[in-house]
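Asker: Structural data only, the sequence is not supplied:
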């Protein structure tokens, strides 16, 4: 609008959407990671509780056999020799225990071991009979000493049995059975303990990677759509400027039809701009009001010359036709502004209001809507004063224009009836004989056409071609 060239810029909404797309998979990743480790902790706690239940069963069994020893039915050695195969499986010829034949139900990778306070392994799948008190694990820790120092705690450590190719992470639940000086440990390999969690981890990694791929696709599509919207906005902007150029050209053509009304619209627009400035409107709004002044009589373009240029008194029918020009103008502008962007709608409505309502009167006897007082939009009240003042001071075929002071008296006399008193007051604050003289020096056709030529040229001076 108003001949200004605007480059489509990213709005906050346009920036927020790609940012949302980028942050969404990151947030999703954090939620997945947090959820995975929370579930892992819960699973660990549940698994340890199961191991402790098994340990309670073992302790209960030892207490039963210790009771038989106390009753003299078995010696401690006999009781221990019965217990060992039950808990750790039968002893093989190679000195190892066959854990597959225990009387206890153990999970995959679980095994039981027992040692005394001197570090002698009383039961172990592979190290039975050896003393491991001073043997450090691959981390350099003395695991047996740690177990003896905290006999009832859960221990996490690295361990390597003779049959293992590499060290493995272990989880052990421990208990000390004082009557027999047995430190009992129920151990499991972490890899077996979290077995199904590994499959879940890889599945979650695939899902997270998939979310990033989907985000990349959406960002690509969003950029393409944004580019298409920018191109569409540029086309719309070019069409809007073209339409405005057409309107200004029509306004010039309208005034060229009658030498007596030469420069009328430009002078009205000038007065309106000065009043709007005095009233404190924003610079953009002032320019929009100025454009509305240039186009306020555009509806007369369709009225026959025999009526529009008639030098004698109009008949009632002819006057009724003249009175249709505000509605004709509004309809014409609505059609030509139909493709304008949404951001220009407020400016367009301002111009349409000026075009439709500049002949409304403050006492309600105007046309086309018979609006009264504050019902008339302020910008239309401004137009009414500017239009009437120029009509009074301009020469016509059937009369000479009024002098400046006489026209001012007429404006004052009709304040409160034909004109809004606030606009009249503002009019006299900014329109002086000097500004009145300036308004009549405006070169109507040349200045309007030069503006349109400049607006329709590229920076290099070549004519603008809008590609559809």
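Answerer: Sure thing, it's come through. What you are looking at is a predicted structure, and each value in this text was computed from that prediction instead of being measured.

Asker: All the strands of the stretch 351-468 of the chain, in order from the start?
Answerer: In the stretch 351-468 of the chain, no segments count as strands under DSSP state E, counting those that start in this stretch.

Asker: can you list the weak-confidence ranges in it?
Answerer: 397-398, 443-468 (pLDDT under 70).

Asker: got it, and the chain?
Answerer: In the chain (pLDDT under 70), the answer is 1-14, 17, 102-109, 195, 229, 231-262, 339-343, 397-398, 443-468.

Asker: longest strand in it, by residue count?
Answerer: Ranked by residue count and defined by DSSP state E, the top strand of the chain is strand 168-177.

Asker: got the angle for whichever helix or strand comes after that one vs strand 168-177?
Answerer: Counting by DSSP states H and E, the next helix or strand C-terminal to strand 168-177 is strand 182-189. Strand 182-189 and strand 168-177 are oriented at 150 degrees to each other (axes from the mean of the first three to the mean of the last three CA atoms, to 10 degrees).

Asker: I'd like to know how far residue 52 sits from residue 307.
Answerer: Residue 52 sits 106 Å away from residue 307, going by CB to CB, to the nearest Å. C-beta coordinates here come from the backbone N, C-alpha and C atoms, glycine included.

Asker: other SSEs contacting the longest strand of the chain?
Answerer: Contacts defined by 3 or more CB pairs under 8 Å, 6 or more residues apart in numbering; DSSP states H and E place strand 168-177 against helix 12-70, helix 143-149, strand 154-159, strand 182-189, helix 190-193.

Asker: Dump those into CSV; add distance to residue 329 as well.
Answerer: Below are the helices and strands packed on strand 168-177 laid out as CSV (distance: least, CB to CB, whole Å):
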stretch, distance to residue 329
helix 12-70, 35
helix 143-149, 95
strand 154-159, 86
strand 182-189, 89
helix 190-193, 84
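
Asker: Which of these sits closest to residue 429?
Answerer: Closest approach to residue 429 among those is made by helix 12-70 (39.8 Å; CB to CB).

Asker: Return the distance of that closest one from the chain's centre.
Answerer: Helix 12-70 sits 36 Å away from the centroid of its parent chain (CA atoms, centre = their mean, to the nearest Å).

Asker: helices or strands next to that helix in the packing?
Answerer: If you count contacts as 3+ CB pairs under 8 Å, 6+ apart, helix 12-70 packs onto helix 76-88, strand 168-177, strand 182-189, helix 195-256.

Asker: in the helix or strand following the last one, what counts as buried?
Answerer: It refers to helix 195-256. Using DSSP H and E, the next helix or strand after helix 195-256 towards the C-terminus is helix 264-278. Buried residues in helix 264-278, counted by 16 or more other CB atoms under 10 Å: 264-278.

Asker: Contacts only, for residue 352.
Answerer: Neighbour list for residue 352: 330, 333-334, 337 [criterion: CB atoms under 8 Å, 6 or more residues apart in numbering].

Asker: Just the buried ones from those?
Answerer: Using 16+ other CB under 10 Å as the burial test, these include 330, 333, 337 as buried.

Asker: Residue 299 is in contact with the first one, correct?
Answerer: Which is residue 330. Yes - counting by CB atoms under 8 Å, residue 330 does reach residue 299; the two are 7.2 Å apart.

Asker: Restricted to helices, list the buried ones among the contacts of residue 352.
Answerer: Those of those mapping onto helices are 330, 333, per DSSP state H.

Asker: which of the buried ones among the contacts of residue 352 lies closest to residue 81?
Answerer: Checking the buried ones among the contacts of residue 352 against residue 81 with CB to CB, the nearest one is residue 337 at 103.8 Å.

Asker: what about the nearest residue in space to the closest one that is not next to it in sequence, distance to residue 333?
Answerer: Spatial nearest neighbour of residue 337, chain neighbours left out: residue 348 (4.8 Å); criterion: CB to CB, 6 or more residues apart in numbering. Separation of residue 348 from residue 333 (CB to CB): 8 Å.

Asker: cool, and residue 116?
Answerer: 103 Å.

Asker: quick one: contacts for residue 423?
Answerer: Counting by CB under 8 Å, 6+ apart, residue 423 has contacts 275, 378, 381-382, 384-385.

Asker: what's the spatially most distant residue from the centre of the chain sitting at in phi/psi?
Answerer: Most distant residue from the mean C-alpha position of the chain: residue 72, 82.1 Å away (CA atoms, centre = their mean). Note on residue 72: backbone dihedrals following degrees, to the nearest 10 are phi 80, psi 10.
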